[in-house]
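Engineer: Any chance you could fold what I've pasted below:
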Amino acid sequence: MLHGIDDVENWLQRLGRDAIGLDVEYPTVSGGRTRRIYLDSAATTLRLKVVQKVLDHYQPHYANVHSSLHFAAWISTREYQWAHDMVLEFVGADPKSWMCFFVGNGATSGINRVARTLRAHRPARDVVVTTAMEHHSNDLPHRKHFREVVHVPTEVTPSSLGGVDLAKMAAALQAHEGKVNYVAITGVSNVTGIINPVHEIAAMAHRHGALVVVDAAQMAAHIPIKVSGHPDATRDLDVVVFSGHKLYAPGSPGVVIARKALFAEMEPDEVGGGMVETVSLDRYTVSARFPDREEAGTPNIPGAIGLAAALYALKKVGMDRIAADEDQLLEYALRQLAEVPGIVIYGETSPSLVRRAGVISFNLADCDHAFCAAVLNDYFNIAVRNECFCAHPYVRDMVTMSLEGVADSMSNDELEHLAEMHRGMVRASFGIYNTTADVDRLVAALKDISRRGDELLALYERLPNGDYRHRQFAFDTMKEFSVRSKVDSLLGD
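Structural biologist: Presented below is the predicted three-dimensional model:
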């Protein structure tokens with residue numbers, strides 16, 4: 001059925017407007033309770049109400065899968081299989097050659113599984129090429145399982161750092177000709193939101209006999225993904241990994257999409273119930289069926305179904321439409337944030353040089369990132385994240401570059417203090433529920449912090465872990481929510 005522009009716009013507005021948690025209120029230092037502004041979607045997105053309603057309707061039918069001999073099991077088995085089909089459809093992966101399976105702890109579990117499997121699949125190729133901008137989850141698994149990991153630097157732009165340096169990527173592949181198992185590349189940086197050209201990198205890797213593994217944890221909720229079916233088949237992606245907790249779904253069912261051939265010849269990394277055909281006391285036969293052979297044990301059925309519901313809802317709107325809407329919001333945010341006195345925005349911001357998605361990281365002059373995040377929360381009820389976002393090398397490179405212009409005019413003590421203050425960043429990240437009004441609230445708060453920084457700092461103490469705590473204001477987490485007290489109240493205790 002064809003749908004008009006008005007239908008798509010209405011769906012997008014409904015999805016964003018109805019996200020669970022948008023209307024939550026917390027107390028602030030200023031007194032009273034205000035509505036929270038949620039700008040931490042790069043860590044975890046809010047759950048869509050449509051997803052929760054689907055799960056509420058599914059719950060009475062909940063049963064284990066791999067059976068059709070009673071009705072609830074039949075429903076669960078069918079919908080769990082549909083969840084896999086929905087994943088492949090969402091990322092444009094041909095089900096004849098690609099498959100997907102679910103793993104436990106988000107993209108981290110998925111990338112670890114991929115690293116172990118591809119190391120065993122192609123043992124002579126014992127080098128991985130990745131970049132300096134990766135999340136630890138797309139770096140440490142390769143370091144653990146391969147003899148050598150080559151970190152390609154990011155491109156230096158006129159004002160900051162951009163995406164991966166493609167010329168140096170090509171040089172790294174050439175220097176390790178015949179030894180590179182795969183290139184591991186983030187589709188979208190979780191620090192800057194900068195988008196890497198994953199299909200161009202795939203073609204480059206394939207020319208050298210290497211595979212490409214895309215960390216799409218930050219990519220999948222923001223821009224379209226097309227795994228296969230490119231006119232130039234070398235631009236097809238071999239492996240894509242992402243997680244439901246960054247895609248408006250409950251929890252973190254990790255997803256691995258991969259060419260079947262990469263896993264078919266290897267015994268599955270994890271064994272147990274559900275992935276075998278026969279078992280005797282002295283042998284067992286592994287199933288040839290995907291995804292069964294890769295999903296030993298009882299899966300997270302509600303998590304997979306919730307993720308599939310989110311993907312289906314996003315696909316109804318269209319990821320092109322979602323990306324276009326976010327482009328406008330980011331352009332507005334970058335323009336407004338640039339007006340904040342003393343702000344440093346990290347990563348190249350010129351749209352003619354890089355394209356961004358969903359994330360802006362920054363610091364205020366003479367303001368510790370942890371202090372800034374604490375004040376945004378305590379005084380303005382704006383939820384952001386700070387520190388290094390599990391991407392320490394990338395953050396250090398950008399912070400160091402941002403300090404180069406002021407280093408000559410400072411003493412060693414002053415420079416050391418400034419470097420310590422800016423050892424991390426503040427990150428504002430967006431989802432389909434964020435609006436220009438949220439940006440305006442953030443900008444107004446940052447201008448206030450910039451103006452009253454010393455006055456506010458006197459009201460805080462710095463904790464041993466580097467966080468800041470207000471000396472008079474205390475937030476009672478137990479009063480806001482406690483599982484134990486909620487159970488007691490529901491049971492009438």
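
Engineer: can you list the domain ranges for this structure.
Structural biologist: With domains defined by automatic domain parsing, the chain comprises 5-44+318-480, 52-316.

Engineer: and these as CSV, adding mean neighbour count, mean pLDDT and distance to residue 490?
Structural biologist: (Glycine included, C-beta is placed from N, CA and C.) Listed next are the domains of the chain as CSV, based on neighbours: other C-beta atoms under 10 Å; pLDDT from 0 to 100; distance: least, C-beta to C-beta, whole Å:
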stretch, mean neighbour count, mean pLDDT, distance to residue 490
domain 5-44+318-480, 17, 89, 17
domain 52-316, 20, 94, 16
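
Engineer: Using JSON lines, please lay out those together with distance to residue 492.
Structural biologist: Below are these laid out as JSON lines (distance: least, C-beta to C-beta, whole Å):
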{"stretch": "domain 5-44+318-480", "distance to residue 492": "20"}
{"stretch": "domain 52-316", "distance to residue 492": "23"}
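
Engineer: what separates the helix or strand hosting residue 329 from the chain centre, distance-wise?
Structural biologist: In this structure, residue 329 sits in helix 319-337 according to DSSP states H and E. Chain-centre distance of helix 319-337: 18 Å, with C-alpha atoms, centre = their mean, to the nearest Å.

Engineer: Could you do stretch 106-123 as well?
Structural biologist: Centroid separation for stretch 106-123 versus its chain: 18 Å, with C-alpha atoms, centre = their mean.

Engineer: And residue 428, how close does it get to residue 38?
Structural biologist: Per C-beta to C-beta, to the nearest Å, residue 428 is found 10 Å from residue 38.

Engineer: about what we covered before: quick one: name whatever helix or strand follows the helix holding residue 329.
Structural biologist: strand 343-345.

Engineer: how about the nearest residue to residue 35, chain neighbours excluded?
Structural biologist: Nearest residue to residue 35, sequence neighbours excluded (C-beta to C-beta, 6 or more residues apart in numbering): residue 25, at 5.5 Å.

Engineer: Next, the contact list for residue 93, please.
Structural biologist: The contact partners of residue 93, taken as C-beta atoms under 8 Å, 6 or more residues apart in numbering, are 87, 100, 227-228, 240, 257.

Engineer: tell me the phi and psi of the residue lying closest to it once chain neighbours are set aside?
Structural biologist: Leaving out its chain neighbours, the residue that sits closest to residue 93 by C-beta to C-beta, 6+ apart is residue 227, at 3.9 Å. The phi/psi pair for residue 227 (degrees, to the nearest 10) reads phi -70, psi -50.

Engineer: ok, now which ones touch residue 227?
Structural biologist: 91-94, 98, 236-237, 240, 257.

Engineer: export these to a markdown table and tack on distance to residue 393?
Structural biologist: Below are these laid out as a markdown table (distance: C-beta to C-beta, whole Å):
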| residue | distance to residue 393 |
| --- | --- |
| 91 | 28 |
| 92 | 32 |
| 93 | 31 |
| 94 | 36 |
| 98 | 31 |
| 236 | 29 |
| 237 | 24 |
| 240 | 23 |
| 257 | 27 |
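
Engineer: For those, work out which two are farthest apart.
Structural biologist: 94 and 240 (13.0 Å; C-beta to C-beta).

Engineer: I'd like the distance between residue 184 and residue 213.
Structural biologist: Per C-beta to C-beta, residue 184 is found 5 Å from residue 213.

Engineer: quick one, strands of the stretch 101-250 of the chain?
Structural biologist: Ranges of strands in the stretch 101-250 of the chain, per DSSP state E, counting those that start in this stretch, are 127-131, 148-152, 154-156, 161-164, 180-186, 211-215, 239-243.

Engineer: neighbouring contacts of stretch 275-289?
Structural biologist: 264, 267-268, 271, 292-296.

Engineer: same for the top helix by length along the chain, what does it pack against?
Structural biologist: In terms of residue count, the longest helix belonging to the chain (DSSP state H) is helix 436-457. For helix 436-457, the elements it packs on are strand 37-38, helix 319-337, strand 359-364, helix 369-380, strand 382-383, judged by 3 or more C-beta pairs under 8 Å, 6 or more residues apart in numbering; DSSP states H and E.
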